[in-house]
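*Asks:* Curious how this folds, go ahead:
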Amino acid sequence: MTRFDTGCACCRDDFYDYEEWLMKNVHVVDHPLVQHKLTLMRDKDCSTQKFRRLLNEIGMLLCYEVTRELPVEAVKIETPIAEMHAPKLSGKKLVFAPILRSGMGFLDGMLELVPSARVAHIGLYRDPQTLQAVQYYFKAPQDVAERLVILIDPMLATGNSACAAMELLKKKGVKDIRFVCLLAAPEGIEKLRCAHPDVRIWTAAIDSHLNEHGYIVPGLGDAGDRMYGTK
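*Replies:* Okay, here's the model as predicted:
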């Protein structure tokens with residue numbers, strides 16, 4: 001991974017091993033099924049229908065990983081054979097927060113696993129000139145601050161949209177955020193880690209770099225366009 005000069009305090013030379021710090025809260029999900037489906041999605045000849053289905057399937061697989069440490073409590077139940085104490089999810093239901101529009105591609109697969117989860121919608125688009133995130137919509141459960149929020153977006157490219165979404169959530173009082181993406185660029189990881197070092201990241205792959213247009217290389221193109229067939 002390349003070191004980039006972001007100018008933030010955590011990037012000083014006197015900080016212990018920078019790359020180790022950068023990757024401290026980054027989890028690459030290298031499960032064979034995830035990697036296989038990702039390869040199929042990268043192919044430029046992958047159809048819109050197939051791309052959408054694969055994104056949904058990978059979203060479900062990534063959800064297994066990001067929810068691995070959810071708290072549980074023992075509850076008393078009775079099986080057809082005997083009484084027992086068994087683990088059950090405890091605390092308030094979690095919140096899935098897709099960044100519109102491409103984040104919606106993950107949502108159905110995740111809700112298949114956690115159908116009781118709440119959903120927050122975060123509408124952001126990337127200004128083509130500045131590459132900065134512009135907000136156009138945000139709606140979350142009233143008690144979102146009391147819940148674990150899993151922020152979802154297929155691409156972590158510049159990191160601007162992810163950081164903007166996290167700022168919106170934190171302004172609502174959210175303290176526990178996890179970020180899930182399909183692909184990440186080193187630049188996006190660095191931006192997010194420097195701005196929000198408390199947020200853990202789950203991704204299927206870390207690619208080489210961003211091109212001059214802010215797209216991940218080799219990447220898979222614009223996830224939203226490929227999912228909805230708009231280009």
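*Asks:* beta partners for the residue most central in space within the chain?
*Replies:* Geometric centre of the chain, nearest residue: Val180, 1.8 Å, by Cα atoms, centre = their mean. As for beta bridges, Val180 partners with Ile152, Trp202 under DSSP bridges.
*Asks:* What ranges does this protein have for its strands?
*Replies:* Using DSSP state E, the strands assigned to the chain run over residues 26-28, 72-78, 83-89, 95-100, 118-119, 121-126, 133-139, 149-152, 155-156, 177-184, 200-206, 209-210, 216-217.
*Asks:* before we move on, back to that, so the residue nearest to the centre of the chain versus Gln129, what's the distance?
*Replies:* 28 Å (Cβ to Cβ, to the nearest Å). Placement of C-beta: from N, CA and C, glycine included.
*Asks:* if you count residues, which helix in the protein comes out on top?
*Replies:* Longest helix in the chain, counting residues (DSSP state H): helix 48-66.
*Asks:* returning to that earlier point: closest one to Ser47 among the strands of the chain?
*Replies:* strand 177-184 (17.5 Å; Cβ to Cβ).
*Asks:* angle of that closest one against strand 200-206?
*Replies:* Angle, strand 177-184 to strand 200-206, by axes from the mean of the first three to the mean of the last three Cα atoms, to 10 degrees: 10 degrees.
*Asks:* what is the orientation angle of strand 177-184 with helix 48-66?
*Replies:* Strand 177-184 and helix 48-66 are oriented at 140 degrees to each other (the same axes, to 10 degrees).
*Asks:* Output the contacting helices and strands for strand 177-184.
*Replies:* Judged by 3 or more Cβ pairs under 8 Å, 6 or more residues apart in numbering; DSSP states H and E, strand 177-184 is in contact with helix 32-42, helix 48-66, strand 149-152, strand 155-156, helix 160-171, strand 200-206.
*Asks:* Tell me, how many residues neighbour Asp176?
*Replies:* Neighbour count for Asp176, taken as other Cβ atoms under 10 Å: 16.
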